[in-house]
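*Asks:* give the three-dimensional model of this entry:
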Amino acid sequence: MAPPPALLKTDEVALLLRVHPKHVYRLLRKGLPARRVGSEWRFDRADVMQWAKAGGRMPGAGAPAAPPEAPAPPAVVAPPAAAAPLVAANGDLVVGILLRQLASAGVLLGLVPADREAGVRLLDAGQVLAAGCHAGGFPTHVGAERVARLHLVTREVGLVGRGGGRPPRLADLRRARLASRPPTAGVRGYLDRALAAAGQDPEAVHARAALLGSHLEVACAVAAGRADVGLASRAWAARLGLTFTPLAREPYGLLVRARDLGDPRVVKACEVAQAAAFRAEAGEVPGYDAAGAGEIRYDA
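*Replies:* Numbering: from 1, shown residues only. Presented below is the predicted three-dimensional model:
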């Protein structure tokens, strides 16, 4: 018996049909025959060519029945339902810029307040289209599905202090009222490592700290006088007139499921982030570097 024909990958189908790889995902929603193999789509060449010659539909009759001893061919899996028009993120300024510019372009996406871990859970459940994520939290898969990252900015994070004073120092944290983040927050790792390198015990420093849910909450606590020093981004420090001491620079963007890269809303988000208007507005925010905004990246 002849071996079964090899199944094509998405990029091979794009070459076969002479379309952009992203367009293959649009064709899936129009009925392009495909099969799920793990977390990836695979395509039978004969089915693809038959579908294309028929003008984008499979013939409904006339196919000979398989002999009784032959196994039934794998069922064609319909593309899953589109995710809700929501982004789960922690209120970073750049997300607000993107959503506002998308709305001006006619694409409305709502914001669900969520930290990195909660956002990934919502993405895994299919309840949101994208989830905010930053360095140290770029998974390759969410559940069984491959994910990609829409890069937005590289941002500075560090210590924020009351406006008008000198920038905060690590030595100040022994006596200061600290507004910090939970141990699961990526930015917390930068502070803990810096404290350890300076000979201070991170757990002792955080024993009296207030653990808040976002960079914005931390910056507001310092601005309102409820804390002396906080752990947040330079962007929020500048927005609220606070002093700033950098600890690290990290990439920040949105995670999307790879199969959603052809979703018109994701395509438009890429186009908006790549446009000069977005890069100019984001690049003007202190602590943001918008180089490479709008690029799709796969993390190892």
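
*Asks:* low-confidence stretches in the stretch 151-300 of the chain?
*Replies:* By pLDDT under 70, the stretch 151-300 of the chain has no low-scoring segment.

*Asks:* if you set the cut-off to 90 instead, what comes out?
*Replies:* Across the stretch 151-300 of the chain, the ranges flagged by pLDDT under 90 are 164-165, 172, 174, 183-187, 213, 297-300.

*Asks:* show me where it has its strands.
*Replies:* 178-180, 210-211, 229-233, 243-257, 288-289, 296-297 (DSSP state E, counting those that start in this stretch).

*Asks:* so what are the sheet partners of the longest one and their directions?
*Replies:* So that's strand 243-257. strand 130-134 (antiparallel), strand 145-161 (antiparallel) (DSSP bridges).

*Asks:* identify whichever of those lies nearest to R169.
*Replies:* Among the strands paired with strand 243-257, the nearest to R169 by CB to CB is strand 145-161 (7.7 Å). No exception for glycine: its C-beta is placed from N, CA and C like everyone else's.

*Asks:* centre of the chain to that closest one, how far?
*Replies:* 9 Å (CA atoms, centre = their mean, to the nearest Å).

*Asks:* quick one, what contacts G164?
*Replies:* If you count contacts by CB atoms under 8 Å, 6 or more residues apart in numbering, G164 has them with T243.

*Asks:* one more time with 10 Å, if that's ok
*Replies:* Contacts for G164 (CB atoms under 10 Å, 6 or more residues apart in numbering) come out as G241, L242, T243.

*Asks:* which one of these sits closest to H134?
*Replies:* So of those, ranked by how close each gets to H134 (CB to CB), first place is L242, at 20.2 Å.

*Asks:* the closest one: what's it in contact with?
*Replies:* 159-165, 167-168, 218-220, 222-223, 229-230, 232, 234, 236.

*Asks:* return a PyMOL selection command for the buried portion of those residues.
*Replies:* Selecting only the buried entries of the contacts of L242 in PyMOL, with 16 or more other CB atoms under 10 Å as the criterion:
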select buried, resi 159+160+161+162+167+168+218+219+220+222+223+229+230+232+234+236
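
*Asks:* setting aside sequence neighbours, what's the nearest residue to L254?
*Replies:* What sits nearest to L254 in space, not counting adjacent residues and going by CB to CB, 6 or more residues apart in numbering, is A130, at 4.1 Å.

*Asks:* same check, this time on E12
*Replies:* Distances taken as CB to CB, 6+ apart place F43 nearest to E12, at 7.7 Å, with adjacent residues excluded.

*Asks:* bridged to that neighbour, which residues?
*Replies:* Going by DSSP bridges, F43 forms beta bridges with L8.

*Asks:* quick one: the strands in the stretch 1-150 of the chain?
*Replies:* Going by DSSP E, counting those that start in this stretch, the stretch 1-150 of the chain shows strands at 35-37, 40-42, 86-89, 110-113, 130-134, 141-142, 145-161.

*Asks:* which of the residues in the second one are buried?
*Replies:* Applying a neighbour-count criterion of 16+ other CB under 10 Å, one finds W41, R42 buried in strand 40-42.

*Asks:* what lines up beside that strand in the sheet?
*Replies:* By DSSP bridges, strand 40-42 pairs with strand 35-37 (antiparallel).

*Asks:* in the partner strand, what's buried?
*Replies:* Going by 16+ other CB under 10 Å, strand 35-37 has these buried residues: R35, R36.

*Asks:* what distance separates that strand from the centre of its chain?
*Replies:* So, by CA atoms, centre = their mean, the centroid of strand 35-37 is 24 Å from its chain's centroid.

*Asks:* please apply the same query to stretch 174-189.
*Replies:* Relative to its parent chain, stretch 174-189 has a centroid offset of 23 Å by CA atoms, centre = their mean.

*Asks:* returning to what we had before: ok, of the strands of the stretch 1-150 of the chain, where does mean pLDDT dip lowest?
*Replies:* Among the strands of the stretch 1-150 of the chain, strand 35-37 carries the lowest mean pLDDT, at a mean of 77.

*Asks:* break this protein into its domains for me.
*Replies:* 10-53, 86-151+250-297, 156-249 (automatic domain parsing).
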